[in-house]
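*Asks:* Whatever this is, show me its structure:
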Amino acid sequence: MESAAAQRGTQVKTTRSSRNAARKGNEGEAWKRMGLRRLRQEVRHDLSCAAQSYGEVQQYLLRHPCKKLQQRLFPVADGEGNVIAVSVMWVRMPSRTTASGLKRVEDEYGTGDVIPVGTQLLGFGGFRFTGEHYDSDQDGTLLTIAETEPVSGHPTDTLLDGVASIATALPPP
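*Replies:* Residues are numbered from 1 along each chain as shown. Okay, the predicted model is just below:
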């Protein structure tokens, strides 16, 4: 039996490989490498950034409006009965500086959030994204934000964090 440290190390390597596949636009392969499959998805385009946020994040977006907000919400599942809800948001800001500023505020736990699309759309009952399993990535003026939550089963924190990391590498819809 593998030690917990060895399992985490294996998960980190798998996550890295999956992120590379996602960056290349091969989403199916990214999830497959993690032992997951996407079940379905909901896409929202052209949402208002300030209206779709709260807290200090909303205050920042009121002072520095975004150019575009797109979101995807979908579940992934593994072979052990674990289902994970994934929310990915792509926020296009007017400049690299405003994108960096938004990332600083968004990355600090407890300062607010860009609100993920309604979780009821997935049909898994009432759950909410807590921000506990979160990652973000900035590429120029684009900030990608991903959150994950377990909706059934008992996925590990390492798996939940890995899925969030991979989701930040997905291209916008």
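
*Asks:* So which residues of the protein form strands?
*Replies:* Secondary structure of the chain (DSSP state E): strands at 36-38, 42-44, 53-54, 68-78, 83-92, 112-114, 134-139, 142-152.

*Asks:* which residue sits closest to the residue nearest in space to the middle of the chain, ignoring its sequence neighbours?
*Replies:* Geometric centre of the chain, nearest residue: A146, 1.5 Å, by Cα atoms, centre = their mean. Of all residues not flanking A146 in the chain, A167 sits nearest, at 3.6 Å (Cβ to Cβ, 6 or more residues apart in numbering). C-betas here are computed from N, CA, C, even on glycine.

*Asks:* State the pLDDT value of that neighbour.
*Replies:* Note on A167: pLDDT of 96.

*Asks:* if I look at it, how far off is H64?
*Replies:* Shown here: A167 relative to H64, a distance of 24 Å by Cβ to Cβ, to the nearest Å.

*Asks:* And those two? Which one has more around it.
*Replies:* A167 (28 against 18; other Cβ atoms under 10 Å).

*Asks:* who's in contact with the more buried one?
*Replies:* For A167, the contacting residues are A22, V86, V88, D135, T144, A146, T148, by Cβ atoms under 8 Å, 6 or more residues apart in numbering.

*Asks:* Also D139?
*Replies:* Counting by Cβ under 8 Å, 6+ apart, D139 makes contact with nothing.

*Asks:* Give me the spatial nearest neighbour of V105, chain neighbours excluded.
*Replies:* V105's closest residue in space is Y60 (Cβ to Cβ, 6+ apart), at 4.9 Å.

*Asks:* Kindly report the same for S136.
*Replies:* Sequence neighbours aside, I145 is the residue nearest to S136 in space, at 4.9 Å (criterion: Cβ to Cβ, 6+ apart).

*Asks:* Apart from its chain neighbours, what residue comes closest to Y134?
*Replies:* Spatial nearest neighbour of Y134, excluding adjacent residues (Cβ to Cβ, 6+ apart): E147 at 5.1 Å.

*Asks:* Can you report how many residues neighbour the one you found?
*Replies:* 26.

*Asks:* That one contacts H133, doesn't it?
*Replies:* Yes. Counting by Cβ atoms under 8 Å, H133 is a contact partner of E147 at 6.4 Å.

*Asks:* which residues do these two both contact?
*Replies:* With Cβ under 8 Å, 6+ apart as the test, E147 and H133 both reach A164.

*Asks:* Could you check how far the residue nearest to Y134 is from K24?
*Replies:* 23 Å.

*Asks:* any low-confidence regions in this protein?
*Replies:* Applying pLDDT under 70 to the chain picks out residues 1-13, 40-47, 118-126.
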